[in-house]
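In: need a 3D model of the following:
(2 chains)
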2 protein chains.
Amino acid sequence: MPSIELEYPKQPYSKVKRYDSRASYALETIHEIINTSPILHVSFNIPDSPFPMVLPMIGQMGSFERPSADTGDVLELYLHGYVSSRLMNLARKQPSQQEEGEKGLPITVAASHVDGLVLSLTPNSHSYNYRSAVLFGRAELVDDPEEKLYAMRLITDSVVRGRYENTRNPPTPAETQSTAILRLRPAAGSAKVRSGGPSDDRADTADGALLERVWTGVVPLRCEAGDPLPGPYNRVAEVPGYLEEWRRGFNEEMGRRRGGV
Amino acid sequence: MPSIELEYPKQPYSKVKRYDSRASYALETIHEIINTSPILHVSFNIPDSPFPMVLPMIGQMGSFERPSADTGDVLELYLHGYVSSRLMNLARKQPSQQEEGEKGLPITVAASHVDGLVLSLTPNSHSYNYRSAVLFGRAELVDDPEEKLYAMRLITDSVVRGRYENTRNPPTPAETQSTAILRLRPAAGSAKVRSGGPSDDRADTADGALLERVWTGVVPLRCEAGDPLPGPYNRVAEVPGYLEEWRRGFNEEMGRRRGGV
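Out: Below is the predicted model of the structure:
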C-alpha cells in the first residue's frame, strides 16, 4: 500500500455530476471494483459508425514492472482477446508516432456490482445499492513476450485464484500468437458507491397510512459460486483444494455484504 | 408472440465476428437478456472527450403503443435518469430537424449475464458461460406525460414485478419533472450466448497425465435474491406476497440455469 491514498485526476469527462457524495476517485476503490468484477464492459469508437462499440470482456489490473503492487498502487489494466478481433485490429492500427499520453486507442471500461434492491415508499425514490467504476485510458497491444505471459497468468488467476498453476502451462507458441493482450494505461477514473437503506422525502415518511401500507427495505442480491460440475472428460474425482478455497472466499465475501446495508 | 422470429438487421457495426456460431440477432433473445439484467451499461460520446462515456443505468424494453407486446415483438428501450444529467442534456440538445432515422443521440446499450466459469485444461481455453446483448439506437427524451408514466411504471416493475402498484403512486408533478425518460429506438442489435462444458484441443484431451492432473468443468455463478431486510422506517411486519413471489421466481430461474451447462 502506498502511504497516501492515491486519486485519479478529475477530468471534465470523468467527474461525477449526480450524487457526487457517492463518488470516489481513489485508485484503490476503483481498482478493487474492477478486479472483483467477473465481466468488464469495454467501449471504444470504430470508424464509420455513429454508435460506440461495447464489448463484454475479461480483464484484470496489475503491474508488470512491480508484480507485488497493491490494489491502491498505480496499475494497468490488461484485457485479452482474439488476435484479429476488431478491437485488437484497431489498437494495432493506432499511429505509433503520437506524443506520449496520446498513444493508443481511447477506451472506456466499466464495472458494476449490484448489491441490493432498495425498495422505498415511492417509485422515484427506488434505488440500488451498488459499486460501479469507470476507467478511461489509452490501450496498446503488448508485444513483449514476458509481459504477455504475465498478463495471461494474471487474467487466468482472476477467474479462480491459483488456476494458472494448476493447468497445462505455459501456453504454446501457437496459443500465445493467437491471443492478443491489450494494456490500458489509465488517464482518469471514478467510482460511485451506494449503500444503506431506503431514503424517502419527509412528506412521505410522515404519512402514517403510507408507512402502514408499503414495505420498505433492501433485498440483497448475492452472487454465489455453486457446486462445481465436472465436465465430460474430467478424471479428477475430487474438487481440488484451491478451487474450494476460492469458492469459500468468494461466497463469504458476498455474504458479508448483506445487500450493501 | 409474432408468428415469425423477428431479427435485427446485421449492420457492419453490429455483426458478431468472433465465435459467430454463438451469435443471435433475434429480437426475443436480445430483449430477454436486456430485460432480465438488473443493470445496463449505456455508452455514448460527449463533445471534447476522446473517450466514450459509459454509465450503469436501469432500463426496460416495452411498447407504449402496444403495452401487451411480447418480448419478441418490436420494442423500445426506456432509460430513466436525472433531468439535468449529462446524458439527458445531450439528448435534449440533438437537432430536431434531422431526418427520420437520424434523429436522436446515438447510444449503445450492453447487458451481460455470467452463468458459469468454464475451467478447461489450458489457460487459453478457459471461458465463461454467458448471455450478452448489445443494442444500438438513437435516443430521444420522452415528452408525452402518458408515455412517461408508462415508462416509470415499466421500469419500477422491472426491479420487482408488482412494485409500482404497491407504492405511493402516481409520482407527483415535481417527481415527474425531475425525472427524465429516454426512449431508444433500436437500429440494430446482437446477442452472444455460450453454454455447455469445457472444450479443449485434441492434443490436450489425448494427454492422459494432464487429464489426471487438471480438474475440468463448470463452476455455476448464481445471482440470488436474499431475505428482504426491513429498513428503519418500515412498519409492514410481514414481507408482502408479491415480493416473496417475485423472489421465488427470480431464484428458481437462476437455479434452473445450472451454470449454463
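
In: so which residues of chain A form helices?
Out: A:27-35, A:86-93, A:145-159, A:173-178, A:202-205, A:208-213, A:241-257 (DSSP state H).

In: what residues of the fourth one count as buried?
Out: Under the neighbour-count criterion of 16 or more other C-beta atoms under 10 Å in any protein chain shown, helix A:173-178 has A:E175, A:T176 buried. For every residue, glycine as well, the C-beta is placed using N, CA and C.

In: which of the helices of chain A is buried the deepest?
Out: Neighbour counts (mean count of other C-beta atoms under 10 Å in any protein chain shown) averaged over each of the helices of chain A peak at helix A:27-35, with a mean of 23.

In: which residues does it contact?
Out: Helix A:27-35 is contacted from outside by A:5-8, A:24, A:40, A:59-61, A:70-75, A:77, A:109, A:111-113, A:131-133, A:135, A:158, A:189-191, A:193, using C-beta atoms under 8 Å, 6 or more residues apart in numbering or on different chains.

In: who does the nearest residue to A:S127 once chain neighbours are set aside bridge with?
Out: Closest residue to A:S127 apart from its sequence neighbours, by C-beta to C-beta, 6 or more residues apart in numbering or on different chains: A:V118 at 4.2 Å. Going by DSSP bridges, A:V118 is paired in beta bridges with A:S127, A:V218.

In: number of residues surrounding A:V118?
Out: A:V118 has 26 neighbours, counted by other C-beta atoms under 10 Å in any protein chain shown.

In: where does it land on pLDDT?
Out: The per-residue pLDDT reported for A:V118 equals 98.

In: who touches it in this structure?
Out: A:H126, A:S127, A:Y128, A:N129, A:R194, A:G197, A:P198, A:V218.

In: most neighbours of all the residues you listed, which one?
Out: The most crowded member of the contacts of A:V118 is A:V218, carrying 27 neighbours; neighbours defined as other C-beta under 10 Å.

In: contacting residues for that one?
Out: A:116-119, A:129, A:197-198, A:259-261, B:228-229, B:231.

In: as CSV, those with distance to B:M88 would be great.
Out: Formatted as CSV, the contacts of A:V218 follow (distance: C-beta to C-beta, whole Å):
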residue, distance to B:M88
A:G116, 26
A:L117, 24
A:V118, 22
A:L119, 25
A:N129, 23
A:G197, 27
A:P198, 24
A:G259, 29
A:G260, 26
A:V261, 30
B:P228, 32
B:L229, 32
B:G231, 29
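
In: closest one of the residues you listed to A:L154?
Out: Using C-beta to C-beta, A:G260 comes nearest to A:L154 of the contacts of A:V218, at 28.0 Å.

In: isn't the closest one up against A:L117?
Out: No - applying C-beta atoms under 8 Å, one finds A:G260 not in contact with A:L117, separated by 9.9 Å.

In: neighbour count winner among those two?
Out: Comparing A:G260 with A:L117 by other C-beta under 10 Å, the one with more neighbours is A:L117, at 25 against 22.

In: picking up where we left off before, and the helices of chain A as CSV, adding mean pLDDT and distance to A:D48?
Out: Shown next, in CSV, are those (pLDDT from 0 to 100; distance: least, C-beta to C-beta, whole Å):
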stretch, mean pLDDT, distance to A:D48
helix A:27-35, 97, 30
helix A:86-93, 90, 12
helix A:145-159, 96, 30
helix A:173-178, 90, 27
helix A:202-205, 96, 50
helix A:208-213, 97, 53
helix A:241-257, 94, 42
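
In: please name the nearest non-neighbouring residue to A:S37.
Out: Nearest residue to A:S37, sequence neighbours excluded (C-beta to C-beta, 6+ apart): A:A111, at 3.7 Å.

In: what are the bridge partners for that neighbour, then?
Out: Assessed by DSSP bridges, A:A111 has beta-bridge partners A:A133.

In: what count of nearby residues applies to it?
Out: Neighbour tally, A:A111, other C-beta under 10 Å: 26.

In: residues touching it, list them.
Out: If a contact means C-beta under 8 Å, 6+ apart, then A:A111 has A:I33, A:I34, A:S37, A:I39, A:L40, A:H41, A:S132, A:A133, A:V134 as its contacts.

In: ok, A:R138 next?
Out: A:G101, A:E102, A:K103, A:G104, A:L105, A:P106, A:I107, A:L184, A:R185, A:A187.

In: near chain B too, which of these?
Out: Contacts with chain B within the contacts of A:R138, counted by C-beta under 8 Å from any C-beta of the partner chain: A:P106, A:I107, A:A187.

In: neighbour-wise, which of the residues you listed leads?
Out: Going by other C-beta under 10 Å, A:I107 tops the ones next to chain B among the contacts of A:R138 with 28 neighbours.

In: surely it touches A:V42?
Out: Yes - A:I107 lies in contact with A:V42 (C-beta under 8 Å); the separation is 5.9 Å.

In: common neighbours of these two, please.
Out: Here A:I107 and A:V42 have no joint contacts, going by C-beta under 8 Å, 6+ apart.

In: got phi/psi on A:D227?
Out: Main-chain dihedrals, A:D227, degrees, to the nearest 10: phi -60, psi 130.

In: from A:K148, how far off is it?
Out: Between A:D227 and A:K148 the computed distance is 34 Å (C-beta to C-beta, to the nearest Å).

In: what two of the contacts of A:A111 are the furthest from one another?
Out: Distance extremes for the contacts of A:A111: the farthest pair is A:I39 and A:V134 at 14.4 Å, using C-beta to C-beta.

In: which one's more surrounded, those two?
Out: A:V134 (28 against 19).

In: coming back round to it: now the ones next to chain B among the contacts of A:R138 in a markdown table, with pLDDT and distance to A:M53?
Out: Listed next are the ones next to chain B among the contacts of A:R138 as a markdown table, based on pLDDT from 0 to 100; distance: C-beta to C-beta, whole Å:
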| residue | pLDDT | distance to A:M53 |
| --- | --- | --- |
| A:P106 | 97 | 12 |
| A:I107 | 97 | 9 |
| A:A187 | 97 | 19 |
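
In: out of those residues, which are inside strands?
Out: A:P106, A:I107, A:A187 (DSSP state E).

In: what about stretch A:50-68, near chain B?
Out: Yes - interface with chain B: stretch A:50-68 contributes A:P50, A:F51, A:P52, A:M53, A:V54, A:L55, A:P56, A:I58 (C-beta under 8 Å from any C-beta).

In: is it true that the fifth one touches B:S132?
Out: Put plainly, it is A:V54. No - A:V54 sits out of contact with B:S132 when judged by C-beta under 8 Å, with a separation of 9.5 Å.
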